[in-house]
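Enquirer: Sequence unavailable; structure follows:
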């Protein structure tokens with residue numbers, strides 16, 4: 001019989017079966033030194049951190065049953081770190097203390113960090129010393145908040161810790177054995193929270209609240225029938241291999257890759273993301289650690305990886321799965337990857353912080369799925385959000401454009417926001433579901449054909465254009481390095497489609513008019529951009545996701561597709 005488990009309990013089951021297996025491997029980009037920690041070592045260190053947090057009064061305030069689904073009854077711990085072993089140790093140590101860790105984007109400015117810390121009523125911050133001055137600025141402005149407990153990770157930067165801060169290594173050395181006089185650690189509950197902060201592609205950050213037992217299944221690859229015994233048995237086989245979460249752990253998708261491997265007893269490989277993405281380093285790491293599964297984010301990762309594979313000699317014989325998600329990966333790059341790595345399966349994942357992994361498409365040299373195969377609970381909701389679409393009734397190219405949705409194990413809600421909670425996680429047919437805001441059709445075979453985020457739809461002359469569809473066409477052209485598509489106001493059409501395009505060197509002959517016609521040959525002409533800006537660089541966030549705020553600003557000055565091009569930054 002299956003039992004629900006906390007994430008700390010899952011770790012204990014794995015560590016009990018494979019205590020000497022490497023759990024995490026990380027190489028410093030500055031010093032070149034490699035840190036390896038086993039499952040047994042991580043358990044001991046997280047118990048010490050939990051004891052330290054508990055000694056300072058952090059932990060559970062109110063049990064889940066006493067709370068509304070948008071409320072948090074646990075103390076919160078901000079994680080302001082780049083990729084390194086301490087990131088996972090902080091999360092797991094906080095879970096053991098029945099506190100809630102949450103991700104903070106270290107690329108935020110001080111004011112943005114202050115907003116996130118205040119939103120979550122932060123009780124503690126674990127930060128690396130190089131980010132101390134940024135944190136100090138974020139905490140400097142009085143806002144009636146409590147002064148958080150500070151724990152610093154020595155990152156070799158030479159930056160001194162903030163006043164009153166405790167060294168991470170001292171915190172994890174806190175006695176956690178009750179026989180040695182330490183306080184007894186609490187027993188985490190499956191109801192304890194997992195929190196991920198997300199800004200999505202638009203809007204201000206939101207904190208998504210999950211029960212740990214739910215995210216274990218919906219986001220971290222856990223089986224709904226798992227037991228401590230079954231988890232231990234799988235870990236004892238040593239078949240987990242090595243899993244490489246290439247994106248930054250400050251984003252939920254990378255966390256889910258890491259925890260998904262962790263729950264199998266795999267070795268989690270991290271790279272130092274304090275430096276810009278470098279495909280040569282990524283592939284060298286994958287080769288050295290004999291990585292079996294690697295996760296990437298769309299074209300921003302795939303394109304340079306393809307270029308490096310063509311240049312370099314990398315032994316990736318152990319790599320069997322390349323998982324991509326978070327942003328689109330176009331067919332040109334997928335085909336190139338499969339030509340260069342014919343033994344690999346590319347798994348396109350569709351999901352969100354609000355759904356977990358909801359659907360996937362596995363592609364090899366001989367298979368090419370059209371849509372995404374939904375996981376258990378993956379559905380398409382009707383346009384009016386009153387019913388679920390069915391393949392026989394509503395499927396097909398001309399079928400109803402509905403909303404992706406997930407039933408079953410979904411988040412509780414958004415922290416502190418009842419209205420958004422009830423809008424994104426409504427009750428339909430007696431079920432609480434998640435509707436993240438993506439539009440889709442249901443194919444006759446039951447697969448999901450993604451159309452794009454509703455907030456990124458351009459309504460031009462009464463016609464709706466999904467920007468991801470136009471972007472996919474543009475990125476397939478050999479002379480286009482990257483492209484984003486947005487809408488801007490139009491006196492004639494209400495809105496008009498605008499493309500921001502980065503060309504390959506020497507491709508200046510491809511101008512705005514040619515780019516418009518390129519789209520018009522593949523899609524309806526109303527979807528073709530009426531304005532095109534040729535950019536020195538298409539802006540993306542550190543995780544590879546599109547920077548649509550930049551794109552909307554740049555689009556305002558984009559020239560007509562019938563005129564001359566001008567740089568847009």
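Expert: Alright, I've got the coordinates. Note that the structure is a prediction, hence the values are computed from the model and not measured. Numbering: from 1, shown residues only.

Enquirer: elements contacting the top helix by length along the chain?
Expert: Secondary structure of the chain per DSSP state H: the longest helix is helix 39-55. Secondary-structure packing of helix 39-55 (3 or more C-beta pairs under 8 Å, 6 or more residues apart in numbering; DSSP states H and E): helix 7-17, strand 22-27, helix 85-96, helix 168-172. (C-beta placed from N, C-alpha, C; glycine too.)

Enquirer: Point out the most buried one among the ones you listed.
Expert: Of these, the one with the most neighbours on average (mean count of other C-beta atoms under 10 Å) is helix 85-96, at a mean of 27.

Enquirer: quick check: angle from it to helix 39-55?
Expert: Helix 85-96 and helix 39-55 meet at an angle of 60 degrees, taking axes from the mean of the first three to the mean of the last three C-alpha atoms, to 10 degrees as the criterion.

Enquirer: Quick check: buried residues in the longest helix of the chain?
Expert: Neighbour-count burial for helix 39-55, counted by 16 or more other C-beta atoms under 10 Å, picks out 39, 41-54.

Enquirer: What of stretch 457-466?
Expert: In stretch 457-466, counting by 16+ other C-beta under 10 Å, buried: 457-458, 460, 465-466.

Enquirer: now swap in stretch 100-108 and tell me
Expert: 100-106, 108.

Enquirer: Among the residues you listed, which lie within strands?
Expert: Assigned to strands by DSSP state E, the following of the buried residues of stretch 100-108 qualify: 100-103.

Enquirer: which one of the buried residues of helix 39-55 sits closest to residue 85?
Expert: residue 42 (7.8 Å; C-beta to C-beta).

Enquirer: Against residue 116, how distant is the residue lying closest to that closest one once chain neighbours are set aside?
Expert: Closest residue in space to residue 42, ignoring its immediate chain neighbours: residue 23 at 5.0 Å, by C-beta to C-beta, 6 or more residues apart in numbering. In this view, residue 23 and residue 116 are 28 Å apart by C-beta to C-beta, to the nearest Å.

Enquirer: tell me the contacts of residue 354?
Expert: Residue 354 sits next to 198, 208, 410-411, 424-425, 434, 436 when contact means C-beta atoms under 8 Å, 6 or more residues apart in numbering.

Enquirer: and which of those residues is nearest to residue 120?
Expert: Using C-beta to C-beta, the contacts of residue 354 come closest to residue 120 at residue 208, 11.7 Å.

Enquirer: On the three-state scheme, the residue lying closest to residue 388 once chain neighbours are set aside is what?
Expert: Closest residue in space to residue 388, ignoring its immediate chain neighbours: residue 379 at 4.9 Å, by C-beta to C-beta, 6+ apart. Following DSSP: H, G, I helix; E, B strand; the rest coil, residue 379 is assigned to strand.

Enquirer: cool, and residue 226?
Expert: Relying on three-state DSSP, one would call residue 226 coil.

Enquirer: Is it in contact with residue 4, as I believe?
Expert: No. Contact criterion C-beta atoms under 8 Å: residue 226 and residue 4 do not qualify, at 9.2 Å.

Enquirer: more neighbours, those two?
Expert: residue 226 (19 against 16; other C-beta atoms under 10 Å).

Enquirer: what's the distance between that one and residue 457?
Expert: 39 Å.

Enquirer: cool, and residue 33?
Expert: For residue 33 relative to residue 457 (C-beta to C-beta), the value is 48 Å.

Enquirer: what's the answer for residue 259, then?
Expert: 33 Å.

Enquirer: Next: residue 383.
Expert: Taking C-beta to C-beta, one finds residue 383 at 13 Å from residue 457.

Enquirer: next one: residue 285
Expert: 39 Å.

Enquirer: So which residues of the stretch 351-500 of the chain form strands?
Expert: 356-363, 373-374, 378-381, 402-406, 413-414, 427-428, 431-432, 438-442, 448-453, 457-460, 463-466, 480-490, 494-503 (DSSP state E, counting those that start in this stretch).

Enquirer: does residue 161 sit in a helix, a strand or a coil?
Expert: coil.

Enquirer: ok now do it, which residues does it touch?
Expert: Contacts of residue 161 (C-beta under 8 Å, 6+ apart): 129, 132, 150, 152, 167.

Enquirer: So, low pLDDT: which residues of the stretch 351-500 of the chain?
Expert: For the stretch 351-500 of the chain, the stretches with pLDDT under 70 are 392-398, 455.

Enquirer: oh, I was asking about the stretch 101-250 of the chain
Expert: If you take pLDDT under 70 as the line, the stretch 101-250 of the chain has these spans: 142-145, 178-183, 199-204.

Enquirer: show me where it has strands.
Expert: Under DSSP E, counting those that start in this stretch, the stretch 101-250 of the chain gives strands at 124-128, 149-153, 166-167, 193-198, 206-211, 242-245.

Enquirer: want to throw those into a markdown table with mean neighbour count?
Expert: Below are the strands of the stretch 101-250 of the chain laid out as a markdown table (neighbours: other C-beta atoms under 10 Å):
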| stretch | mean neighbour count |
| --- | --- |
| strand 124-128 | 26 |
| strand 149-153 | 23 |
| strand 166-167 | 16 |
| strand 193-198 | 23 |
| strand 206-211 | 24 |
| strand 242-245 | 25 |
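
Enquirer: so which of those gets nearest residue 80?
Expert: Closest among these, using C-beta to C-beta: strand 124-128, at 4.0 Å.

Enquirer: Compute the inter-axis angle for the closest one and helix 85-96.
Expert: 170 degrees.

Enquirer: what are the pairing partners of strand 124-128, and which direction each?
Expert: strand 76-80 (parallel), strand 149-153 (parallel) (DSSP bridges).

Enquirer: Check the offset of the last one from the chain's centre.
Expert: In other words, strand 149-153. How far strand 149-153 lies from its chain's middle: 25 Å, per C-alpha atoms, centre = their mean, to the nearest Å.

Enquirer: do the same with stretch 441-454
Expert: 21 Å.

Enquirer: residues making contact with that stretch?
Expert: Contacts of stretch 441-454 (C-beta under 8 Å, 6+ apart): 201, 350, 359, 369-374, 378, 380, 389-392, 394-397, 399-404, 437-440, 466-469.

Enquirer: next one: stretch 107-119
Expert: Contacts for stretch 107-119 (C-beta under 8 Å, 6+ apart): 78, 80, 102, 104-105, 125, 134-135, 137-141, 143, 145, 148, 197, 204-205, 207, 415-416, 541-542.

Enquirer: Out of those, list just those in helices.
Expert: 134-135, 137-140.

Enquirer: Of those residues, keep whichever come out buried.
Expert: Going by neighbour count (16+ other C-beta under 10 Å), the ones in helices among the contacts of stretch 107-119 have 134-135, 138-139 buried.
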